[in-house]
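Undergrad: Okay, sequence plus prediction incoming.
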Amino acid sequence: MRDQIWYMILVLGLAGAIAGVALAGVKGMTDPVIESYTLEQKVKPSLEKFFGPAGIDNDYIADRVKLELGKDDLGRMQRLTVFKGKKGAEVTAVALQTAASGYGGDLTVLTAFDLVNGTILGVKTLDQKETMGLGARTADDTEPFIQQWAGKSFEGGVALKSNGGEIDAISGATISSTAFTEAVSKAVTLLGERNAEIMGE
């Protein structure tokens, strides 16, 4: 009887290990596909809209870089994706991809900055799992919540009006609005803290 229990434990352990390796393999194969889709379908069109009026003339998709930010509470390495917009050799705009915890999970945001004027060029939700009709409105580019960001100064930080800032939250979606604002605020903070690396100095 005891031998059977140990045998079952061994089989279950091996099955779990094989499943873990298989899942890791699948993730390794799908992550580049998902990243490629996000770049082509969401990031590139958004940056064309944000960087276009700023006169950016480089290939900001090809010139993107990833900076390591350290590990999170679960031991996962966190990376910051940076898209640099240049006029000639000078970096005059950047866009950072950051995330914060929303109502349904991580809410990932692309924030574009005008480094010459110290303003936000625009924001774009890249991934969200928020409630339809409420927090999911953060993914709607025509939503007033999204449109209000363009032209806002970022030099003093960003915050919702309920926290002393200038940003109006989405009615009935405080958690999602807060998460979105936290993601943008994180981008603002990292732009200051990792400026030398972001600028390539």
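TA: Great, that's in hand.
Undergrad: list the contacts for Met77?
TA: If you count contacts by Cβ atoms under 8 Å, 6 or more residues apart in numbering, Met77 has them with Glu68, Leu69, Gly70, Lys71. (Each C-beta comes from the backbone N, C-alpha and C, glycine too.)
Undergrad: Turn the residues you listed into TSV, columns for neighbour count.
TA: Output for the contacts of Met77, formatted as TSV (neighbours: other Cβ atoms under 10 Å):
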residue	neighbour count
Glu68	10
Leu69	15
Gly70	7
Lys71	10
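Undergrad: Can you list the residue ranges for helices in the protein?
TA: For the chain, the helices defined by DSSP state H cover 2-38, 44-51, 144-147, 174-193, 195-199.
Undergrad: mind listing what's buried in stretch 153-171?
TA: By neighbour count with 16 or more other Cβ atoms under 10 Å, stretch 153-171 contains the buried residues Phe154, Val158, Ala159, Leu160, Ile167, Ala169, Ile170.
Undergrad: hey, C-alpha coordinates of it in CSV?
TA: Below are the C-alpha coordinates for stretch 153-171, written out as CSV (Å, rounded to 0.1, in the frame of the first residue of the first chain):
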residue,chain,number,x,y,z
SER,A,153,2.1,68.7,-18.4
PHE,A,154,3.9,65.7,-16.8
GLU,A,155,6.7,67.6,-15.1
GLY,A,156,4.8,67.8,-11.8
GLY,A,157,3.5,64.3,-12.0
VAL,A,158,-0.1,63.1,-12.9
ALA,A,159,-3.1,62.2,-10.7
LEU,A,160,-6.8,62.0,-10.7
LYS,A,161,-8.8,65.0,-9.5
SER,A,162,-9.8,63.0,-6.4
ASN,A,163,-6.1,62.9,-5.5
GLY,A,164,-5.4,66.5,-6.2
GLY,A,165,-4.5,66.2,-9.9
GLU,A,166,-6.1,67.3,-13.2
ILE,A,167,-7.5,64.0,-14.5
ASP,A,168,-11.2,63.2,-14.6
ALA,A,169,-12.0,59.6,-13.8
ILE,A,170,-14.4,57.5,-15.7
SER,A,171,-17.8,57.6,-13.9
